[in-house]
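*Asks:* sequence? don't have it. structure:
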């Protein structure tokens, strides 16, 4: 039988239910990725599955003897002299009746703490957020539950930690059944076997990883939009009919009146899909060609070397990703580059006409007691944007904050909402040097992809610290990697490009722990591996693809516009069928040609 079954589940904390007659079956051995927009109730659903949150309606059936372990977004470790003792208390290990199993769990806690790079004898009070998360994950895996529930496990982890967790969750010897909430698309693609989306109170299931989900979801959203337009058109016709008065009240039309009442109720109950954040980033006036130059820079704190003999030149338009393990000094390096922190040795030279916008991973720029509106436009109801004046309520609405929340204090926001607010504040002013320190934490996938698209068209210079591998691949043009002991080296391309370029003899893991190497100057990246050159036919194909894609997109826009017309569905059925088939063909052809263009462009 399944491990658990959720049937007709209802749960609400406000006007819109988080779960609305939702159904879910979790079978043994599955690895489920739970995704959805910020605030849709993913963490609450994990609480339901763990038995910590009671349903308002519906049932949750669990297999007898099911052992469940849940790791929260911000796990709290009990106070104790050592980390090992703290985890024993958190996991209630001493209450395990079977002595052999109890000692086995004790041993596995020590093993997994070591694998996650943590000292079991260290006190839990001094741990960073990332270290506390790794400790809680080590305990959860060591307990060997039947069902493991993870809430944003990659937040605060460096790339080494994420890859270690991926290995643990896909190792046949250790892997339990898994339900994980995460926005890390690379993690979802590698780990999960099924995607479950929480959308407007319902749970929708998609077999396969995140890439497979994306392909199916695009078609579903298009079909949903068409169905909604058909419904609204028919409803409007019936509303127009009822207003005729006498004809509508005739006895023979009472059935039609009742049908209209049902249409009104159905329309009132329909929950619209949340909109997208509206991001617009203005680079303002151009900076000088040179943005920053570091010459033989060194920085250390006591015996800890942060930067050792780094020479680096950053030019206008560069998009540099900074990668390294927790504690490597990525944030310190940013402050050295910006001139906010003096080096112990060497020289830092800043370019001219710089306008800097800084996204702080600790959200230090946000005052928790100020309102959202006052955070964006202190003392004013209007905000001056590069493209004109906008009311602060309208601007907050662009970032999915409804008007009634504009006067709420910042402390009432969730982590994802605080990130959105910080982006709103950051993008309100033009900046030709954008510095983002872990901007993807707590953002839902749709907002994250929109931020990617915005940064791809940004005309200024970008410095990005991130552990999101897909985000790095999609945004940066070079990667500055920590190689340990204060040594930093620059590679052309994103995260995957760095993996290819670092060479088979490198002992460095993904994220920069260990390994030998020297700090490299501007464009001293290792040579890229040899790839097959494009043939003449492929070069010609690559040159023609942008125009072909543009033509297909234009045809798609025209077809959708025609299908949205008020009289469209009065045409013959054969024409409607042909248009539907053509629309499906266009979507498939566009996807195939876009994939081909990306592949050829990467090889070129």
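*Replies:* Nice, I can see it. What you see is a predicted model; the values in this text were computed from it and never measured.
*Asks:* When you work out contacts or count neighbours from here on, use the C-alpha atoms and nothing else.
*Replies:* OK.
*Asks:* can you pull out the helices in the stretch 501-604 of the chain?
*Replies:* 536-563, 573-603 (DSSP state H, counting those that start in this stretch).
*Asks:* Which one of the ones you listed lies nearest to residue 501?
*Replies:* helix 573-603 (14.6 Å; C-alpha to C-alpha).
*Asks:* packing partners for the closest one?
*Replies:* Secondary-structure packing of helix 573-603 (3 or more C-alpha pairs under 8 Å, 6 or more residues apart in numbering; DSSP states H and E): helix 536-563.
*Asks:* ok now the helix it packs on, how far from the chain's centre?
*Replies:* 29 Å (C-alpha atoms, centre = their mean, to the nearest Å).
*Asks:* likewise stretch 198-212?
*Replies:* 15 Å.
*Asks:* With distance to residue 89 added, can I get the helices of the stretch 501-604 of the chain in CSV?
*Replies:* Listed next are the helices of the stretch 501-604 of the chain as CSV, based on distance: least, C-alpha to C-alpha, whole Å:
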stretch, distance to residue 89
helix 536-563, 59
helix 573-603, 51
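*Asks:* Would you reformat the ones you listed as a markdown table and include mean pLDDT, mean neighbour count and distance to residue 23?
*Replies:* Below are these laid out as a markdown table (pLDDT from 0 to 100; neighbours: other C-alpha atoms under 10 Å; distance: least, C-alpha to C-alpha, whole Å):
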| stretch | mean pLDDT | mean neighbour count | distance to residue 23 |
| --- | --- | --- | --- |
| helix 536-563 | 80 | 14 | 33 |
| helix 573-603 | 79 | 14 | 30 |
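*Asks:* who wins for proximity to residue 45 among these?
*Replies:* The nearest among these, by C-alpha to C-alpha, is helix 573-603 at 33.5 Å.
*Asks:* Just the angle for the closest one relative to helix 536-563, thanks.
*Replies:* Relative orientation of helix 573-603 and helix 536-563, computed by axes from the mean of the first three to the mean of the last three C-alpha atoms, to 10 degrees: 140 degrees.
*Asks:* For the stretch 51-200 of the chain, which segments are assigned as helices?
*Replies:* 83-90, 99-115, 129-143, 159-170, 185-191.
*Asks:* cool, the stretch 351-500 of the chain as well?
*Replies:* Ranges of helices in the stretch 351-500 of the chain, per DSSP H, counting those that start in this stretch, are 372-376, 392-398, 415-426, 445-456, 469-475, 495-501.
*Asks:* And the third one, what does it pack against?
*Replies:* If contacts are counted by 3+ C-alpha pairs under 8 Å, 6+ apart, helix 415-426 sits against strand 356-359, helix 372-376.
*Asks:* can you tell me which of those the model trusts least?
*Replies:* Looking at those, the lowest mean pLDDT belongs to strand 356-359 (a mean of 85).
*Asks:* OK, contacts around residue 304?
*Replies:* Applying C-alpha atoms under 8 Å, 6 or more residues apart in numbering, one finds that residue 304 lies in contact with residue 485.
*Asks:* Bridged to it, which residues?
*Replies:* Residue 304 has these beta-bridge partners by DSSP bridges: residue 301.
*Asks:* Can you give me the pLDDT of it?
*Replies:* 90.
*Asks:* quick one: it and residue 213, what's the gap?
*Replies:* 45 Å (C-alpha to C-alpha, to the nearest Å).
*Asks:* Pipe the helices of the stretch 351-500 of the chain into TSV and attach distance to residue 176 per row.
*Replies:* Converted to TSV, those look like this (distance: least, C-alpha to C-alpha, whole Å):
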stretch	distance to residue 176
helix 372-376	42
helix 392-398	41
helix 415-426	28
helix 445-456	25
helix 469-475	25
helix 495-501	29
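*Asks:* Residue 81: which of the ones you listed is closest?
*Replies:* Nearest to residue 81 among the helices of the stretch 351-500 of the chain is helix 415-426 (30.5 Å), distances taken as C-alpha to C-alpha.
*Asks:* avg pLDDT for that closest one?
*Replies:* The average pLDDT within helix 415-426 is 80.
*Asks:* Now do it: everything it contacts.
*Replies:* Residues contacting helix 415-426 (C-alpha under 8 Å, 6+ apart): 38, 357-359, 363, 365-366, 372, 375-376, 396, 399, 410, 439, 441-444.
*Asks:* Tally up the residues packed near residue 486, please.
*Replies:* Burial measure for residue 486: 20 neighbouring residues, criterion other C-alpha atoms under 10 Å.
*Asks:* meant to ask about residue 179, not that
*Replies:* Counted with other C-alpha under 10 Å, residue 179 comes out at 24.
*Asks:* just use 45 as the starting number from now, easier for me
*Replies:* Yes, from this point I'll number from 45; that puts the last item at residue 223.
*Asks:* Quick check: the nearest residue to residue 452 once chain neighbours are set aside vs residue 189, distance?
*Replies:* Counting by C-alpha to C-alpha, 6 or more residues apart in numbering, residue 452 lies nearest to residue 415, which is 5.2 Å off, once chain neighbours are set aside. Going from residue 415 to residue 189 by C-alpha to C-alpha gives 43 Å.
*Asks:* go on, residue 421?
*Replies:* 49 Å.
*Asks:* Could you do residue 499 as well?
*Replies:* Look at residue 499 and residue 189: by C-alpha to C-alpha, they are 41 Å apart.
*Asks:* just residue 647 next, same as before
*Replies:* Taking C-alpha to C-alpha, one finds residue 647 at 45 Å from residue 189.
*Asks:* now do residue 608
*Replies:* From residue 608 to residue 189 the distance is 52 Å (C-alpha to C-alpha).
*Asks:* So for these two, which sits in the more crowded spot?
*Replies:* residue 189 (19 against 15).
*Asks:* Tell me, how many residues neighbour the closest residue to residue 184 other than its chain neighbours?
*Replies:* With sequence-adjacent residues excluded and distances taken as C-alpha to C-alpha, 6+ apart, residue 184 is closest to residue 113, at 6.2 Å. Here the number of neighbours of residue 113 (other C-alpha under 10 Å) works out to 20.
*Asks:* bridging residues for residue 113?
*Replies:* What pairs with residue 113, by the bridge criterion (DSSP bridges), is residue 192.
*Asks:* can you check residue 78 too?
*Replies:* The partner list for residue 78 in beta bridges (DSSP bridges) reads residue 225, residue 240.
*Asks:* can you redo the helices of the stretch 95-244 of the chain as a markdown table with mean pLDDT and mean neighbour count?
*Replies:* Output for the helices of the stretch 95-244 of the chain, formatted as a markdown table (pLDDT from 0 to 100; neighbours: other C-alpha atoms under 10 Å):
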| stretch | mean pLDDT | mean neighbour count |
| --- | --- | --- |
| helix 127-134 | 94 | 20 |
| helix 143-159 | 91 | 16 |
| helix 173-187 | 90 | 22 |
| helix 203-214 | 90 | 19 |
| helix 229-235 | 93 | 19 |
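*Asks:* Now tabulate the ones you listed in TSV and tack on distance to residue 603.
*Replies:* Output for those, formatted as TSV (distance: least, C-alpha to C-alpha, whole Å):
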stretch	distance to residue 603
helix 127-134	59
helix 143-159	56
helix 173-187	50
helix 203-214	43
helix 229-235	32
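*Asks:* Out of those, which is closest to residue 93?
*Replies:* helix 173-187 (15.8 Å).
*Asks:* Tell me which residues are up against the closest one.
*Replies:* 113-115, 118-121, 131, 135, 149, 152-153, 156-157, 160, 162, 168, 192, 197, 199-202, 205, 218, 370.
*Asks:* do the same with stretch 476-485
*Replies:* 199-200, 326-331, 375, 398-405, 460, 463, 492, 503-512.
*Asks:* The spatially closest residue to residue 373 that is not a sequence neighbour: what secondary structure?
*Replies:* Excluding its sequence neighbours, the residue lying closest to residue 373 (C-alpha to C-alpha, 6+ apart) is residue 350, at 5.6 Å. Following DSSP: H, G, I helix; E, B strand; the rest coil, residue 350 is assigned to strand.
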